[in-house]
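> Any chance you can model this:
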Amino acid sequence: MQFIVALLKKAPILPIVLFVAGLLIGLLVGWQTKEFKDATPSYLRPDLQEDYLRMAIDSFRLNQDPNLAVQRWQYLGAGAQQAYLNIQANPGSQDPAVIQAYGDLVSNVLSSGGEQPMPDSSGSSSPLTRTAVIGIGLVVLLGVIAAVAMYLFRLLGKRGGGEVTAVMQAAEISRNAAKTNFEEMGLAPPITQTMTTFVLGDDLYDESFSIDTEAGEFLGEYGVGVADVIGVGDPKGVTALEVWLFDKNDIKTATKVLLSQHAYNDPAIVSRLEPKGELVLVQPQAQVLLETATLQLLATVVDLEYGKGRLPENSYFERITLELAIWPRQG
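As a prediction, this is how the structure comes out:
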């Protein structure tokens, strides 16, 4: 149950729901939608309706067929009048007398009721419209199901046998940790300031946070996650964490890797992690600075406890709490 709850917390629920919903809607549309044929010019864009009416006027000039002239006018539906006014205002190479004659003919025929009006399809519900309604309802239904399922799993994770998961422990520790008052230290208040905690057993630990101004402008993102583990079996012995800072104004993401004492002194682990970024030994109250083009991140090790027993001494974290604070970079 602990694994399921952790997985639900970390999994991107919304993209999964949208993907499934899109797949189902696509199947419904492909199954129900019929071939669209014998459509009238009333479905065309206004500029193409105007082109169609110009051709109808040219045809009327040559064949003088009043029935065909009126029929083509009716094919344009509600857009016919505006298209005709546009042509009158800008006849181009067409004869204004012919344009006027065409308009007079249509006006006289329609006002006398000599022609049957074109059928109006706007009042009927097409299969495509019905499919769209079904699709929207399906998306809403799936969203409700996903929300309810996530709530129930979290509820079961909290109440099932009184078990307290690693994720729950970490969240409680972060809530109770006292944040640094940087203003008392003579520093400007950070744009954002976050506490995050890893607890042994949270194998999916991967936190990320958005950086936004008070006006809501997006500046970037930052976060911390598992960089390396040691040993085998569960729970995983996390021996290194990766702190990163993304700046929308920088082409590179700043990254530093926080290593346990054992990992920092192990040449094999160091060699494996060097490509990820600068390696830093984790120590209580140690501070690590990351900088990008316009941002600075100060990571402070607020609390640190190593695991004991199954692996080398000081090789994996039992618990570690980091304070992550962001400022604009000066100069």
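> use CA for all of it now, contacts and neighbours both
Will do.
> so where do the helices sit in this protein?
Taking DSSP state H, the helices of the chain run over residues 2-10, 13-32, 46-63, 66-75, 80-89, 96-112, 127-159, 166-176, 261-264, 267-273.
> The third one: which residues count as buried?
Within helix 46-63, the residues scored as buried using 16 or more other C-alpha atoms under 10 Å are Pro46, Gln49, Glu50, Tyr52, Leu53, Arg54, Ala56, Ile57, Asp58, Phe60, Arg61.
> leaving aside the residues next to it on the chain, what's closest to the third one?
The one in question is Glu50. Closest residue to Glu50 apart from its sequence neighbours, by C-alpha to C-alpha, 6 or more residues apart in numbering: Ala83 at 4.8 Å.
> OK, contacts around that neighbour?
Neighbouring residues of Ala83 by C-alpha atoms under 8 Å, 6 or more residues apart in numbering: Pro46, Asp47, Gln49, Glu50, Leu53.
> neighbours around the residue nearest to Glu221 when sequence neighbours are not counted, how many?
Spatial nearest neighbour of Glu221, chain neighbours left out: Ser210 (4.5 Å); criterion: C-alpha to C-alpha, 6+ apart. When counting by other C-alpha atoms under 10 Å, one arrives at 12 neighbours for Ser210.
> Next one: Ser210 from Val199, what distance?
23 Å (C-alpha to C-alpha, to the nearest Å).
> that older thread, out of the buried residues of helix 46-63, flag the one nearest to Val238.
Pro46 (63.9 Å; C-alpha to C-alpha).
> separation between that closest one and Asn90?
Look at Pro46 and Asn90: by C-alpha to C-alpha, they are 15 Å apart.
> returning to that earlier point: do you know the pLDDT at the residue nearest to Glu50?
Listed pLDDT for Ala83 reads 84.
> quick one: it and Pro96, what's the gap?
15 Å.
> so Leu241 bridges to which residues?
Per DSSP bridges, the residues bridged to Leu241 are Val226, Leu258.
> which residues does the residue nearest to Thr239 when sequence neighbours are not counted contact?
Spatial nearest neighbour of Thr239, chain neighbours left out: Tyr316 (4.4 Å); criterion: C-alpha to C-alpha, 6+ apart. Neighbour list for Tyr316: Val229, Ile230, Gly237, Val238, Thr239, Ala240, Ser260, Tyr306, Gly307 [criterion: C-alpha under 8 Å, 6+ apart].
> one more time with 6 Å, if that's ok
Tyr316 makes contact with Gly237, Val238, Thr239, Tyr306, Gly307, according to C-alpha atoms under 6 Å, 6 or more residues apart in numbering.
> Closest one of these to Ile134?
Among the contacts of Tyr316, and counting by C-alpha to C-alpha, the member closest to Ile134 is Val238, at 47.1 Å.
> For the nearest residue to that closest one once chain neighbours are set aside, give its distance to Phe246.
Leaving aside its chain neighbours, Val238 sits nearest to Val229 (4.3 Å; criterion: C-alpha to C-alpha, 6+ apart). Distance of Val229 to Phe246, computed by C-alpha to C-alpha: 24 Å.
> Which one's more surrounded, those two?
Comparing Val229 with Phe246 by neighbour count (other C-alpha under 10 Å), the higher total belongs to Phe246, at 22 against 18.
> what are the bridge partners for the more buried one, then?
Beta-bridge partners of Phe246, as defined by DSSP bridges: Glu221.
> wait, what's in contact with it?
Contacts here follow C-alpha under 6 Å, 6+ apart; on that basis Phe246 touches Gly220, Glu221, Tyr222, Thr253.
> out of the contacts of Tyr316, who's nearest Thr292?
Nearest to Thr292 among those: Thr239, at 26.0 Å, using C-alpha to C-alpha.
> What does the pLDDT read for the closest one?
pLDDT, read off for Thr239, is 94.
> Likewise for Asp65?
According to the predicted model, the pLDDT of Asp65 comes to 83.
> any idea how far it lies from Tyr75?
16 Å.
> Neighbour count: the two, which is higher?
Tyr75 (21 against 11).
> what's the spacing between that one and Leu273?
Computed as C-alpha to C-alpha, the Tyr75 to Leu273 distance reads 70 Å.
> Next up, the contacts around the residue of the chain positioned farthest from its centre.
Going by C-alpha atoms, centre = their mean, the residue of the chain most distant from its centre is Gln64, 58.3 Å out. Under the criterion of C-alpha under 6 Å, 6+ apart, the contact list for Gln64 is empty.
> distance of it from Ala286?
Gln64 sits 92 Å away from Ala286, going by C-alpha to C-alpha.
> do the same with Thr194
For Thr194, the distance to Ala286 equals 16 Å [C-alpha to C-alpha].
> can you check Tyr306 too?
In terms of C-alpha to C-alpha, Tyr306 sits 15 Å off from Ala286.
> and what of Glu50?
On the measure of C-alpha to C-alpha, Glu50 and Ala286 end up 73 Å apart.
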